[in-house]
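Undergrad: Dropping a prediction and its sequence here:
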Amino acid sequence: MTATAFAVRPAGSRQLAGTATLLRFALRRDRVMIPVWVAVNALMVLSMPNTLENLYATPAERANLVRDTAANASFRALIGPVFDDSIGALTAWRVGVYAGALAAVVSLLLVVRHTRDEEESGRQELVASGMVGRRASLTAALLTAAIANAVLALLVAAGLAGRGAAGALAFGLGLAGVGMVFATLAAIVAQFTESARLARGLTAGLLGAAFVLRAAGDSASDDGSSALTWVSPLGWLENLRPFAGERWWVLLLFTAAASVQGTVAYALAGRRDVGMSFLPARPGPAEGRLSSTGALAWRLQRGGVLGWSIGFFLAGVVYGGLTDGVADLVGDNDNARRVFERMGGQSGLTDAFLASMVGMLGLIAALYVVASVLRLHGEETSMRAEPLLAGAVSRLRWAAGHLTIAFAGAALIMLLAGLGFAVGYGKQVGPILAACLVQLPAIWVVGGLAVLLYGVLPRAATAAWAVAGAVLLLGWVGPALDAPQAVLDLSPFGHLPKLPGGGMEWGPLLVLLGLAGTLTAGGLVGMRRRDMTV
């Protein structure tokens with residue numbers, strides 16, 4: 001296309017020129033991330049009906065579950081209120097909040113990756129020098145998130161259609177609606193900061209605030225009617241009431257929020273230069289505190305460590321506070337007891353619950369260590385590592401700073417989770433702390449694999465997210481589906497002792513520590529031998 005042909009196009013068309021090409025490029029870059037995380041989310045939802053049928057086989061058992069949940073404010077805060085005792089309604093109740101939150105996380109990551117990340121790395125400036133419209137990149141990013149959410153909605157609606165077509169459609173659209181609300185919110189936040197890391201952190205913080213508001217509202221009301229619940233998009237999802245007399249008009253809230261936020265993002269994107277923001281970054285110190293690579297790594301990752309630390313401590317407090325009530329909620333349901341014991345070990349119900357919740361936090365901590373390790377990849381591809389390595393800083397010394405933050409940070413957040421359990425539960429402080437720390441060898445194995453991928457196959461480094469997603473899926477869904485032990489053992493977490501309550505086994509821990517060290521060393525050797533800036 002000639003410049004003259006481009007010039008005579010309508011103004012709106014010029015603003016979006018090149019969108020299709022950028023969309024294809026974004027989908028190609030995320031050809032691993034999107035399918036894996038959409039599949040993890042969909043499987044988490046679609047596995048739940050069979051699990052619930054096994055746990056609560058009779059209408060009487062399901063009715064008791066609804067009654068007990070309505071009377072337990074802590075469980076309402078954690079999961080939300082339940083509006084009906086059908087399997088479909090119980091599925092939406094059990095996984096709705098978490099599936100919506102996961103859809104939101106993936107959506108915000110996609111939008112920031114294809115907007116602010118591209119500007120921060122300088123690639124967007126090169127793209128913009130061609131015949132690409134000012135708003136093409138933002139449009140491609142939002143379309144990428146929309147496609148991911150549409151596929152999730154389609155899988156959920158199709159998979160749950162047998163439980164009720166209307167409820168399945170409402171649930172799928174609700175999950176996609178939550179995703180798009182946070183996708184457009186991330187598009188706005190990306191206009192105000194020059195740092196992709198800060199944009200992700202701020203949007204994730206807003207998601208956390210939405211969860212807290214919903215939890216506070218649901219703890220105060222057993223029917224989702226609290227004003228705090230209605231402030232949160234996660235609250236809209238539960239008030240859509242899939243399989244329990246669908247409120248279709250709630251979908252208008254998602255549509256309105258996404259439309260308004262998208263309009264604001266487009267308006268802001270047209271009023272700033274590429275690479276700039278409405279809140280310019282404050283220049284940092286050039287010496288003193290940043291006189292070493294470790295100090296620089298800490299400076300770059302301290303916000304993430306702080307956010308994860310607060311989140312894990314609060315999660316520990318919440319789960320610890322639920323522990324005394326778990327026996328009342330499970331009651332005499334042998335199937336539910338067996339699931340907890342399979343996740344947490346053959347011990348008393350309380351110990352099994354504590355072990356399963358600690359194990360779940362360990363699985364989530366694996367996401368932290370992958371994100372922290374892959375910061376090396378981000379620094380390299382954005383060309384910020386090159387000036388450091390051009391001087392007297394060695395590759396190993398540079399990498400060591402970030403890996404220290406990754407591996408030590410995992411230990412810190414698990415320790416804080418244990419302290420949170422101690423605050424919320426108030427008993428077994430030592431055993432719970434030990435249970436949290438015993439998760440570290442498995443977490444470090446996942447981190448070591450991320451280091452290996454980055455060092456040896458840098459173009460495939462983001463596949464570490466697929467590994468973390470598979471581990472999360474095995475740990476979360478596998479026990480509920482009564483998966484064979486051989487399948488569960490594919491995850492490093494399947495070899496950990498089930499504490500508290502179980503016996504301590506040092507052999508598997510030492511093997512996992514050795515494997516983590518070997519994987520990390522292999523990655524560092526590969527990084528030393530290859531060319532930088534892939």
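TA: Cool, got the structure.
Undergrad: Need the contact partners of the strand or helix carrying Leu519.
TA: Assigned by DSSP states H and E, Leu519 belongs to helix 506-529. Contact with helix 506-529 is made by 395-396, 399, 403, 438, 441-442, 444-445, 447-456, 492, 495-497, as judged by Cβ atoms under 8 Å, 6 or more residues apart in numbering. In this view, the C-beta of every residue, glycine as well, is placed from N, C-alpha and C.
Undergrad: mean confidence score for it?
TA: Mean per-residue pLDDT for helix 506-529: 92.
Undergrad: same deal with stretch 262-274?
TA: Rounded to a whole number, the mean pLDDT of stretch 262-274 is 82.
Undergrad: Kindly report the same for stretch 213-224.
TA: Per-residue scores along stretch 213-224 average to 84.
Undergrad: go on, stretch 321-339?
TA: Mean predicted lDDT for stretch 321-339 stands at 61.
Undergrad: What strand or helix carries the closest residue to Ala145 other than its chain neighbours?
TA: Nearest residue to Ala145 in three dimensions, chain neighbours excluded: Ala183, at 3.9 Å (Cβ to Cβ, 6 or more residues apart in numbering). Remark: Ala183 resides in helix 165-192, with elements defined by DSSP H and E.
Undergrad: count of residues packed around Gly494?
TA: A count of nearby residues for Gly494, using other Cβ atoms under 10 Å, gives 19.
Undergrad: what's near enough to touch it?
TA: Leu474, Gly475, Gln485, Leu488.
Undergrad: Name the pair among these with the greatest separation in space.
TA: Pairwise distances across the contacts of Gly494 peak at 13.2 Å for Gly475 and Gln485 (criterion: Cβ to Cβ).
Undergrad: shaky segments in this protein?
TA: By pLDDT under 70, the low-scoring segments of the chain are 1-13, 74, 124, 128, 273-291, 324-349, 478-483, 533-534.
Undergrad: Buried residues, the helix ranked longest in it. List them.
TA: Longest helix in the chain, counting residues (DSSP state H): helix 293-330. By neighbour count on 16 or more other Cβ atoms under 10 Å, the buried set for helix 293-330 is 293-294, 296-298, 300-301, 303-305, 307-309, 311-323, 325-326, 329-330.
Undergrad: Same question for stretch 199-216.
TA: Across stretch 199-216, burial judged by 16+ other Cβ under 10 Å covers 199-204, 206-207, 210-211, 213-215.
Undergrad: Name the residues that touch it?
TA: 77-78, 80, 97, 101, 104-105, 108-109, 112, 116, 182, 185-186, 189-190, 192-193, 226, 228-229, 231-235, 238, 303-304, 307, 311.
Undergrad: mind saving the C-alpha coords of that stretch as PDB?
TA: Backbone C-alpha positions of stretch 199-216 (Å, rounded to 0.1, in the frame of the first residue of the first chain) are rendered in PDB as follows:
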ATOM      1  CA  ALA A 199       1.000  -2.100  35.100                       C
ATOM      2  CA  ARG A 200       0.700  -5.800  35.800                       C
ATOM      3  CA  GLY A 201       1.100  -5.200  39.500                       C
ATOM      4  CA  LEU A 202      -1.500  -2.400  39.700                       C
ATOM      5  CA  THR A 203      -4.100  -4.300  37.700                       C
ATOM      6  CA  ALA A 204      -3.500  -7.400  39.800                       C
ATOM      7  CA  GLY A 205      -3.900  -5.200  42.900                       C
ATOM      8  CA  LEU A 206      -7.200  -4.000  41.600                       C
ATOM      9  CA  LEU A 207      -8.200  -7.700  41.000                       C
ATOM     10  CA  GLY A 208      -7.200  -8.400  44.600                       C
ATOM     11  CA  ALA A 209      -9.300  -5.500  45.800                       C
ATOM     12  CA  ALA A 210     -12.300  -6.900  43.800                       C
ATOM     13  CA  PHE A 211     -11.800 -10.300  45.600                       C
ATOM     14  CA  VAL A 212     -11.700  -8.600  49.000                       C
ATOM     15  CA  LEU A 213     -14.800  -6.500  48.400                       C
ATOM     16  CA  ARG A 214     -16.700  -9.600  47.200                       C
ATOM     17  CA  ALA A 215     -15.500 -11.600  50.200                       C
ATOM     18  CA  ALA A 216     -16.500  -8.900  52.600                       C
END
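Undergrad: quick one, which of Gly475 and Gln485 is more surrounded?
TA: Using other Cβ under 10 Å, the more surrounded residue of Gly475 and Gln485 is Gly475, with 23 against 9.
Undergrad: Can you say which helix or strand has the more buried one in it?
TA: Using DSSP H and E, Gly475 falls in helix 463-477.
Undergrad: Please name every helix or strand in contact with the helix or strand containing Trp236.
TA: Trp236 is located in helix 233-239, with elements delineated by DSSP H and E. For helix 233-239, the packing partners by 3 or more Cβ pairs under 8 Å, 6 or more residues apart in numbering; DSSP states H and E come out as helix 87-114, helix 165-192, helix 196-220, helix 227-231, helix 251-269.
Undergrad: doesn't Tyr319 make contact with Pro77?
TA: Residue 77: Ala, not Pro. No. At 11.4 Å, Ala77 does not count as touching Tyr319 under the criterion of Cβ atoms under 8 Å.
Undergrad: check contacts around Gly303.
TA: Listed by Cβ under 8 Å, 6+ apart, the contact set of Gly303 reads Arg197, Leu198, Gly201.
Undergrad: Distance of Ile405 relative to Gly304?
TA: Using Cβ to Cβ, to the nearest Å, Ile405 is found at 9 Å from Gly304.
Undergrad: same check, this time on Thr21
TA: Per Cβ to Cβ, Thr21 is found 33 Å from Gly304.
Undergrad: Please apply the same query to Ala468.
TA: In terms of Cβ to Cβ, Ala468 sits 15 Å off from Gly304.
Undergrad: And what about the nearest residue to Asn239 once chain neighbours are set aside, helix, strand or coil?
TA: Closest residue to Asn239 apart from its sequence neighbours, by Cβ to Cβ, 6+ apart: Gly224 at 4.8 Å. Assigned with DSSP: H, G, I helix; E, B strand; the rest coil, Gly224 falls in the coil class.
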